[in-house]
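Trainee: Predicted model and sequence below, questions to follow.
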Amino acid sequence: MRKFKTESKKLLDLMINSIYTNKEIFLRELISNASDAVDKLNFKSLSDTSIQLNQDDLAIHVSFDKDTRTLTVSDNGIGMTADELEKNLGTIAHSGSQEFKQENAESQGGDVDIIGQFGVGFYSAFMVASKVRVVSRAFGEDVAHVWESDGLEGYTIEDGERSEHGTDVILTIRENEPGENGEPGENYDTYLSEWGLKNLIRRYSNYVRYPVRMMVTKSREKERPADAPEDYTPEYEDYQELETINSMTPIWKKRSSDVSDEDYAEFYKSTFHDFEDPARTVSFHAEGALEYDALLFIPQRAPFDLYSKDYEKGLALYSSNVLIMEKCADLLPDYYNFVRGVVDSQDVSLNISRETLQHNRQLKAIAKRVEKRVTSELENMRDNDREAYEKFFENFGRGLKFGIYSSYGMKADELADLLLFWSARENKMITLAEYAKAMKDGQQTIYYAAGDDRDRLAKMPVVRGVLDRGYDVLLLTADVDEFTFQAMRGYTAKNMPKIYEDDAAREAAAKAVEDGAEPEVEDRSLELKNVATGDLDLATEDEKKDAEEATKEHGDLFDAMKEALGDKVEKVAVSALLTDAPACITTEGPLSLEMEKVLARGPEAEMGDMPKSQRVLELNAKHAVFAKLVAAQEAGDTDKLARYAGLLYDQALLVEGILPDDPVAFASAICDLM
Ligand code: ADP
Ligand code: MG
């Protein structure tokens, strides 16, 4: 027996026991080696005209025998000499493919598509096999050799027989292992079943470009006897048939102009288990230092578990048609977690663990490009198919907003223009850019109101006040909205008509436009402002003056009301904005009423000590109710004033969708009045 080299043995132990918990990938490795071997022979025939290959014969066979517990993967590829068996299978982490690639790249100068950069692939067989036997006959040789090992100490190489060039890898499959401590055990029998193997081949090797064939059992109706009676029940029999299990040509390797929408949709639905067609399909091929194909899908609807902890984002990662990872998370940013698809690059190493993937520069480069393509596809949808985009946004908008919020605004540049919000003026969803385009001259602020009911928001006194003054108000109804706006800190509107500081410049520009020049544009930074927080500065000079006067004149009244309301409010003041309503609640400081509500629903609320917004009770000095307040104050009726203050405060909260602190007291106060 020849012993494995020490470092090989260590690696072997390590791999069998820890690297791959996912044992079933061994089949993918063996099939990939078989496909490589066929590739090599194919490649050789290109440069050696004496080799005549019938392309139709090139294939990989998988067969199994339950009685002997053997599973065999055979190919009619290039095969191995005794020396090659020794060199390739005797040393772990030695990659024959790599060597071959280099040799030929030098002599041919072309790119040789042979996979494998590390040599651990073959050894994965020992994860499921107690013994591996490799019978191989190198192309052009008359003799065959047998390599055999139990994967522990070493291996043997002996003479053997094989009728044709190629290799059989014969695994003796381990016995099932019972589970321990409630953990499920290993069911190795799957690797000895038609169903299990078919599944694995389809899952991991579907796009290997040579046929992977297996004998399968089928059933058919027996021929009906000539003298069959009237009530004859048909009889069935099993028969065996060699079937090609894999589909061979990857759809993503085809030019998108050669693939019909239906084919893409079929592939999408069957691969990603969706019952609806994708909203968008993106396919592209990258060339240069890093070559790859990508096929991406944007679904129409969110899968039911998208917002649950169990949801795993990621794209399937293939290296030269061989599946490396079903969901490679590093290929997608979190906010595009809904994207499904495939990336295939011959430049990405085949045997790669999750840990090394994270630091893989190639993957990062691919991820960047994928993100760009998704973004531009979404922009395209937003601009050219608004209906579809609105539907998309309804499903996935939350993730985009969350992307801005959770990156503390760092992703705002990329994502802000993909967001849609309800415009109170337009009565439809609009983008921030569209809001900016429709702004009044000199407007520097995007106004919004936040709450959970759009209709209620639209009726809020402050919202109406702002709208009446000719400014649109975005109505934010999702939990994450206002937090997203805070993280953004502002919005930069691009290509806005330039604002000129002095008249001369403005006139010169106007004249230039008259003479046929394009109007000048500039980026403008806009503030994002909740209409219910603090000073909006929207009132006209006259209105401001009125409010100031009222404040001065009724200072005592406000003090008395503040006194009556106590901690509930920071202050009581005159509103310069209210038109119909007698009063409203606004807030000072960073926390709005709506955010307070959102936080109160969150897990922090359990711990008590919730941050409170600083509330201000604003009064409409032109409202009849105000006159009543003044009268009570002048009559020195402090009781009445306190009761009125409480009522106004509670009803202003109600309008905001917040229950009065003491609903019973509120109700009885109303009855008293009646
Ligand atoms: P890799 O495929 O990354 O090179 P493996 O451990 O999977 O590493 O295989 C080691 C080497 O063994 C291969 O490079 C190849 O030279 C040889 N080999 C494995 N399987 C076959 C096969 N079916 N036919 C010919 N050579 C093979
Ligand atoms: Mg391999």
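Mentor: Yep, that arrived. Ligands and ions are numbered 1, 2, ... in the order given.
Trainee: Quickly note the distance from K313 to ligand 1.
Mentor: Distance from K313 to ligand 1, counting by Cβ to the nearest ligand atom, to the nearest Å: 28 Å. From N, CA and C alone the C-beta is placed, and that goes for glycine too.
Trainee: wait, A627
Mentor: A627 sits 89 Å away from ligand 1, going by Cβ to the nearest ligand atom.
Trainee: Wasn't that residue part of a helix?
Mentor: Yes. Judged by DSSP: H, G, I helix; E, B strand; the rest coil, A627 forms part of a helix.
Trainee: How about S345, nearest residue that isn't a chain neighbour?
Mentor: With sequence-adjacent residues excluded and distances taken as Cβ to Cβ, 6 or more residues apart in numbering, S345 is closest to Y292, at 3.4 Å.
Trainee: burial count for that neighbour?
Mentor: For Y292, the neighbour count with other Cβ atoms under 10 Å is 24.
Trainee: One more: V370?
Mentor: V370: 24 neighbours (other Cβ under 10 Å).
Trainee: from what I can see it touches A294, true?
Mentor: Yes. Counting by Cβ atoms under 8 Å, V370 does reach A294; the two are 6.2 Å apart.
Trainee: Mutual contacts of these two, please.
Mentor: L315, V343 (Cβ atoms under 8 Å, 6 or more residues apart in numbering).
Trainee: export stretch 318-334 as CSV, just CAs?
Mentor: C-alpha atoms of stretch 318-334 as CSV (Å, rounded to 0.1, in the frame of the first residue of the first chain):
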residue,chain,number,x,y,z
TYR,A,318,-22.0,28.0,-11.1
SER,A,319,-18.5,27.5,-12.3
SER,A,320,-18.5,26.3,-15.8
ASN,A,321,-21.9,24.7,-15.6
VAL,A,322,-21.3,23.1,-12.2
LEU,A,323,-23.3,24.3,-9.3
ILE,A,324,-21.1,25.6,-6.5
MET,A,325,-23.7,27.1,-4.3
GLU,A,326,-27.4,27.4,-4.5
LYS,A,327,-27.7,30.7,-2.7
CYS,A,328,-24.6,32.7,-2.7
ALA,A,329,-25.6,35.6,-0.5
ASP,A,330,-22.6,37.7,-1.2
LEU,A,331,-23.8,38.3,-4.8
LEU,A,332,-26.7,40.4,-3.6
PRO,A,333,-27.1,43.4,-1.3
ASP,A,334,-29.8,43.0,1.4
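Trainee: Can we start the residue count at 56 from this point?
Mentor: That works, and once the first residue is 56, the last one we named lands at stretch 373-389.
Trainee: how about the helices in the stretch 256-405 of the chain?
Mentor: Counting by DSSP state H, counting those that start in this stretch, the stretch 256-405 of the chain has helices at residues 316-327.
Trainee: Sketch out the low-pLDDT regions of it for me.
Mentor: Residues of the stretch 256-405 of the chain meeting the criterion pLDDT under 70: 375-378, 404-405.
Trainee: And the strands in it, which stretches?
Mentor: Secondary structure of the stretch 256-405 of the chain (DSSP state E, counting those that start in this stretch): strands located at 267-276, 291-299, 335-341, 347-353, 370-374, 377-383, 395-399.
Trainee: can you check the stretch 556-705 of the chain too?
Mentor: 576-585, 626-629, 638-643, 669-674.
Trainee: and the second one, which strands flank it?
Mentor: Going back to what we said before, that points to strand 626-629. Partners of strand 626-629 in the sheet, by DSSP bridges, are strand 669-674 (parallel).
Trainee: ok now the partner strand, how far from the chain's centre?
Mentor: Taking Cα atoms, centre = their mean, to the nearest Å, the mean C-alpha location of strand 669-674 is offset from the chain mean by 42 Å.
Trainee: Now it: average pLDDT?
Mentor: Average pLDDT, strand 669-674: 90.
Trainee: buried residues in stretch 537-556?
Mentor: Within stretch 537-556, the residues that count as buried by 16 or more other Cβ atoms under 10 Å are E537, F538, T539, F540, Q541, A542, M543, G545, Y546, T547, A548, M551.
Trainee: Just want the angle from the helix or strand harbouring the fourth one to strand 576-585.
Mentor: The one in question is F540. Taking DSSP states H and E as the definition, one finds F540 inside helix 534-543. For helix 534-543 against strand 576-585, the angle by axes from the mean of the first three to the mean of the last three Cα atoms, to 10 degrees is 130 degrees.
Trainee: Pull the residues that contact helix 534-543.
Mentor: Residues outside helix 534-543 that contact it (Cβ under 8 Å, 6+ apart): 453, 456-457, 459-460, 462-464, 467, 471, 474, 476, 503, 505, 531, 583, 585, 645, 647, 649-650, 653, 656.
Trainee: of those residues, buried ones?
Mentor: Buried members of the contacts of helix 534-543, counted by 16+ other Cβ under 10 Å: 453, 456-457, 459-460, 462, 464, 467, 471, 474, 476, 503, 505, 531, 583, 585, 647, 649-650, 653.
Trainee: re earlier: just after the helix holding F540, pick out the following helix or strand.
Mentor: Helix 534-543 is succeeded, C-terminally, by strand 546-552 (DSSP H and E).
Trainee: Report the distance from that next one to the chain centre.
Mentor: 29 Å.
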